[in-house]
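In: Need coordinates for the below:
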Amino acid sequence: MHRILSWTSCWLCAVVVGACVDPVSVDSQQQNDILVVDGTITNLAEPQRIRINRSVADRLTGRFGTLPVTKATVDVVTDSAQVSVATETTDGTYQLPADFRGQVGHAYQLRFTLSDGSRYVSTQQVMQPVPPISQVTAQFSNTSLPTGQLNGYRAGHTLNVQSQDPAGQHNYYRWDWLLYERQYWCRSCVQGVYSVYKILPNIYKDRDYFVTGDEVYEDCFNPPAGQASYDAPDVPKDYWIYDYPCRSACWQILRGYTINVFNDLYSNGGIISRQSVAQIPFYAPQPALVDIRQLSLTADAYRYYKLFADQTQTTGGLADTPPTALVGNVRSTTGNPLAVVGYFTASAVSLVHYWLDRKDTQGVSFGATDPAGAPSGTGDALFYALNLRRPMAEPPPPYQGGRDVPKIRLWPTTDRPPTAPCLLSDNRTPFKPEGWRD
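Out: Alright, predicted model coming up:
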């Protein structure tokens, strides 16, 4: 009863909590506007977020695109009594209060109202307990990854867990992971340059420089091609990118999109041993941190994921646009015809911070497969692995003696090229992850 599926597209990400639900299918080729709900309540001291998006098909091509649903009213009801209101932090993302934590044995229900007045509600989900992960092991292989994941590159580590399954009860599990890699490049400017300070309007120096003031800007400056006036610099029409290093310590956050679920029907009370839970690409030779999470599932949530896995394995992956999408446990209470997919869940979590030292690796990392040659600087391998190109730094002053000159020059030049801040996001953090080793 073990299912692994490649979750290659986020438009059907799930939200976990248990319920008595029989998933049904929506014909995605006929239903060209689908509401997608993504959110899992956990018992960890972490942000508890609900994401609501619309997956809309182009009427000509039939290909789906995702749009965040903004200005919704979102809350979670605990035990049919206590209401916790979520605040929209970024477009389509709603976060519960900072002190909100799920608790085993308590019931949670998602409710939200869209800006058009349509209301939606999930089934009530009771958080199930989860046993702790007792051991994590990693094994390097040159064929660890699926063939189509990284342009045919397959080297990486397979991580396995061990856990004692409780006897006398039927348990369902899901595993996921987060990878933290040290990031050294924090901003890229396409046909522009990064500026710490705001550029003064209509003020130029020597017809070569735009002039900056004292007001903080911290963004890419992208003037239109050509000359704004006779005394203004001439901005080239060609294409370029400049990349800027991080101003402070920064970590890239990479997620696994493989759904890995397990039913203990035939191993109740035994040891879950050498359960494969992650394949971590060999992005770069530097050590990294992997957060392995073991989550509890209800029977209905497990059934949803299992059916979803069966459907995806049949069609070859969500990236291939499967003919049907499974409706989960969120429904309209106002008769709105919009189909809703995804599954709101509540899961207890056993978390292990695993230090991946990569001392057992062989061959070159994915970041060193650049046809132009091996990476030259610290962090360049990860940059290539994520962008499939080398970082291109803005040429530094002095701009004389045959040295390269930036496509756009800013005055004064004393802070050129600048660094860029590490901004907190779903994919990056300036805060050292728990378990990171310096």
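
In: show me where pLDDT drops low in this protein?
Out: 1-32, 57-64, 312-325 (pLDDT under 70).

In: If we use 50, what do you get?
Out: Applying pLDDT under 50 to the chain flags the ranges 1-21, 29-30, 313-323.

In: farthest residue from the center of the chain?
Out: Centroid-distance maximum for the chain: Y230 at 46.3 Å, with CA atoms, centre = their mean.

In: Where does that one fall, secondary structure wise?
Out: Using DSSP states H and E, Y230 falls within no helix or strand.

In: where's it relative to Y204, distance?
Out: 10 Å (CB to CB, to the nearest Å). (C-beta placed from N, C-alpha, C; glycine too.)

In: How about K359?
Out: For K359, the distance to Y204 (CB to CB) stands at 54 Å.

In: In terms of packing, which of these two has more residues around it?
Out: Using other CB atoms under 10 Å, the more surrounded residue of K359 and Y204 is Y204, with 17 against 8.

In: May I have the top helix by length along the chain as PDB, with CA atoms only?
Out: Ranked by number of residues, the top helix in the chain under DSSP state H is helix 299-315. Output in PDB follows, covering the C-alpha atoms of helix 299-315 (Å, rounded to 0.1, in the frame of the first residue of the first chain):
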ATOM      1  CA  ALA A 299      -7.700   7.500   6.300                       C
ATOM      2  CA  ASP A 300      -9.600   9.900   3.900                       C
ATOM      3  CA  ALA A 301      -6.500  12.100   3.300                       C
ATOM      4  CA  TYR A 302      -4.500   9.000   2.500                       C
ATOM      5  CA  ARG A 303      -7.200   7.800   0.100                       C
ATOM      6  CA  TYR A 304      -7.200  11.100  -1.600                       C
ATOM      7  CA  TYR A 305      -3.400  11.000  -2.100                       C
ATOM      8  CA  LYS A 306      -3.500   7.400  -3.200                       C
ATOM      9  CA  LEU A 307      -6.100   8.100  -5.900                       C
ATOM     10  CA  PHE A 308      -4.200  11.200  -6.900                       C
ATOM     11  CA  ALA A 309      -1.000   9.100  -7.300                       C
ATOM     12  CA  ASP A 310      -2.800   6.400  -9.300                       C
ATOM     13  CA  GLN A 311      -4.200   9.100 -11.600                       C
ATOM     14  CA  THR A 312      -0.900  10.900 -12.100                       C
ATOM     15  CA  GLN A 313       1.000   7.700 -12.700                       C
ATOM     16  CA  THR A 314      -1.500   6.800 -15.400                       C
ATOM     17  CA  THR A 315      -1.200  10.100 -17.200                       C
END
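
In: what's it packed up against?
Out: Where contact means 3 or more CB pairs under 8 Å, 6 or more residues apart in numbering; DSSP states H and E, helix 299-315 is packed against strand 2-6, strand 172-182, strand 258-263, strand 324-327.

In: helix, strand or coil for C186?
Out: Put simply, C186 is strand when judged by DSSP: H, G, I helix; E, B strand; the rest coil.

In: ok, it - how many residues close by?
Out: For C186, using other CB under 10 Å, the count is 21.

In: pretty sure it is touching T419, no?
Out: Yes - counting by CB atoms under 8 Å, C186 does reach T419; the two are 7.4 Å apart.

In: Now do the shared contacts for those two.
Out: Here C186 and T419 share the contacting residues 244-247, scored by CB atoms under 8 Å, 6 or more residues apart in numbering.

In: how about the helices of the stretch 1-150 of the chain, start to end?
Out: Ranges of helices within the stretch 1-150 of the chain: none, based on DSSP state H, counting those that start in this stretch.

In: quick one on the thing from earlier: mind putting the helices and strands packed on helix 299-315 into CSV with distance to A372?
Out: Listed next are these as CSV, based on distance: least, CB to CB, whole Å:
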stretch, distance to A372
strand 2-6, 30
strand 172-182, 22
strand 258-263, 31
strand 324-327, 42
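
In: so which of those strands gets nearest R54?
Out: Judged by CB to CB, the one of the helices and strands packed on helix 299-315 that comes nearest to R54 is strand 324-327, at 13.0 Å.

In: Now the element after that closest one, going C-ward?
Out: Next in sequence after strand 324-327, counting helices and strands by DSSP H and E, comes strand 330-332.

In: what residues does that following strand touch?
Out: Residues outside strand 330-332 that contact it (CB under 8 Å, 6+ apart): 15, 35, 37, 110, 118-122, 338, 340, 342-344.

In: which two in those residues are spaced the farthest apart?
Out: When CB to CB is used, the two most widely separated members of the contacts of strand 330-332 are S118 and Y343, lying 19.5 Å apart.

In: out of those two, which sits in the busier spot?
Out: Set side by side, S118 and Y343 show more neighbours around Y343, with 33 against 17, by other CB under 10 Å.

In: burial measure for the closest residue to the more buried one other than its chain neighbours, as a count.
Out: Spatial nearest neighbour of Y343, chain neighbours left out: G328 (3.5 Å); criterion: CB to CB, 6 or more residues apart in numbering. G328: 29 surrounding residues under other CB under 10 Å.

In: Look up how far Q124 lies from Y94.
Out: Taken as CB to CB, the span from Y94 to Q124 is 19 Å.

In: Compare those two (neighbour count), which wins?
Out: Y94 (25 against 20).

In: check which helix or strand covers the residue lying closest to Q294 once chain neighbours are set aside.
Out: Residue nearest to Q294 in three dimensions, not counting chain neighbours: S350, with 4.3 Å by CB to CB, 6+ apart. Using DSSP H and E, S350 sits within strand 349-356.

In: got the buried residues for the helix or strand just after that strand?
Out: Using DSSP H and E, the helix or strand that follows strand 349-356 in sequence is helix 380-387. Judged by neighbour count using 16 or more other CB atoms under 10 Å, the buried positions of helix 380-387 are 380-386.

In: cool, and stretch 107-122?
Out: The neighbour-count check on stretch 107-122 (16+ other CB under 10 Å) flags 107-114, 118, 120-122 as buried.
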